[in-house]
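**Student:** got a sequence here, can you model it:
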Amino acid sequence: MAGRLEGKRIIVTGAAQGIGFAMAEAFLAEGARLFLIDRDGDLLSTQAARLRASGGTLGFAAADITDAAAIEAAVALAGREIGRPNALVNNAGVNVFSEPLQLSDADWQRCLDINLKGAWNCSRAVLPGLIEEGGGVILNIASTHAFTIIPHTFPYPVAKHALLGMTKALGLEYAGQGVRVNALAPGYVRTQKVVEYWNSFADPAAAEAETMKLHPGGRIATPEEIAKAALFLISDECPFINATCLMADGGMTALHHPG
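**Tutor:** Numbering: from 1, shown residues only. Below is the predicted model:
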């Protein structure tokens, strides 16, 4: 099924590493034209060069998704470099974990600005073009935190629950114009950030083992596995899937008591 994304002109945010970079690789391999956004301009430039070495059409811009004007400019640049975008993946996000009463106003705002407002800034920038084109796709990378609450992770699940609400609201609002809006909720994924989280403990190996115990299969996902799920949702293989969320957590949220 090579060429599954032929004709897709996709913007991916948070594309310089982790799940975002894995999606970029997968999308490019399936024939998509890509425009990558990340606030780390140096890393983004390096990663874009890696992707270009494999061929395909690719553009990029360093931009902060919390800056609406910067995102508008990036989307305009995408239109010039890859053609008007007809798909968007809101992948950029940040973990903000705190005991609620110890949370600062600045961290509360940072969590909502990046995980929710940033996705809205990007969606708002591409929606007019999707509507004018007669349809398109927005995919929000959510989390199992959008469904279940892990103590001591406030306010991250607040933002992810809200992102799921935005997914449903926009999906229903623009369904009549051919726009599908869905979410993908990964569980734990072996990214550099997760490895750094394990390494923050006195016994990283024990911390990693505890994470594995949360999953029925005894392992967590790779970024490439999440990218495969995203590829399906961004493709034309699921034209009647809208305003919903696909779980990609290995069954973690279905497990009542970890083993």
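**Student:** now do the contacts for residue 221.
**Tutor:** Contacts for residue 221 (C-beta atoms under 8 Å, 6 or more residues apart in numbering) come out as 186, 187, 188, 189, 190, 248, 249, 250. For every residue, glycine as well, the C-beta is placed using N, CA and C.
**Student:** do the same with residue 36
**Tutor:** For residue 36, the contact set (C-beta under 8 Å, 6+ apart) comprises 11-12, 15-16, 20, 24, 44, 47-48, 51, 58-61.
**Student:** need those in TSV (columns: pLDDT).
**Tutor:** Shown next, in TSV, are the contacts of residue 36 (pLDDT from 0 to 100):
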residue	pLDDT
11	98
12	98
15	98
16	97
20	98
24	98
44	98
47	97
48	97
51	96
58	96
59	98
60	98
61	98
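**Student:** among those, which are in helices?
**Tutor:** 20, 24, 44, 47, 48, 51 (DSSP state H).
**Student:** closest one to residue 223 out of the residues you listed, please.
**Tutor:** Closest approach between these and residue 223, by C-beta to C-beta: residue 20, at 8.5 Å.
**Student:** skip the chain neighbours and tell me the closest residue to residue 255.
**Tutor:** Using C-beta to C-beta, 6 or more residues apart in numbering and skipping residues adjacent in sequence, the residue nearest residue 255 is residue 216, 5.7 Å away.
**Student:** ok, which stretches of the chain are strands?
**Tutor:** If DSSP state E is used as the criterion, the strands of the chain fall at 9-13, 33-38, 58-62, 87-90, 97-98, 136-141, 154-155, 179-186, 245-248.
**Student:** let's have those strands in JSON lines, adding distance to residue 239.
**Tutor:** Listed next are those as JSON lines, based on distance: least, C-beta to C-beta, whole Å:
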{"stretch": "strand 9-13", "distance to residue 239": "17"}
{"stretch": "strand 33-38", "distance to residue 239": "20"}
{"stretch": "strand 58-62", "distance to residue 239": "26"}
{"stretch": "strand 87-90", "distance to residue 239": "13"}
{"stretch": "strand 97-98", "distance to residue 239": "38"}
{"stretch": "strand 136-141", "distance to residue 239": "10"}
{"stretch": "strand 154-155", "distance to residue 239": "35"}
{"stretch": "strand 179-186", "distance to residue 239": "8"}
{"stretch": "strand 245-248", "distance to residue 239": "15"}
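**Student:** among these, which comes closest to residue 203?
**Tutor:** strand 97-98 (19.6 Å).
**Student:** what average pLDDT does the closest one get?
**Tutor:** Averaged across strand 97-98, pLDDT comes to 94.
**Student:** low-confidence ranges in the stretch 101-250 of the chain?
**Tutor:** Low-confidence segments of the stretch 101-250 of the chain (pLDDT under 70): none present.
**Student:** quick one, what contacts the residue nearest in space to the middle of the chain?
**Tutor:** In the chain, the centroid-proximal residue (C-alpha atoms, centre = their mean) is residue 91; its distance is 2.1 Å. Shown in contact with residue 91 (C-beta under 8 Å, 6+ apart): 12, 13, 14, 15, 19, 20, 23, 141.
**Student:** excluding its backbone neighbours, what's nearest the first one?
**Tutor:** What sits nearest to residue 12 in space, not counting adjacent residues and going by C-beta to C-beta, 6+ apart, is residue 89, at 4.6 Å.
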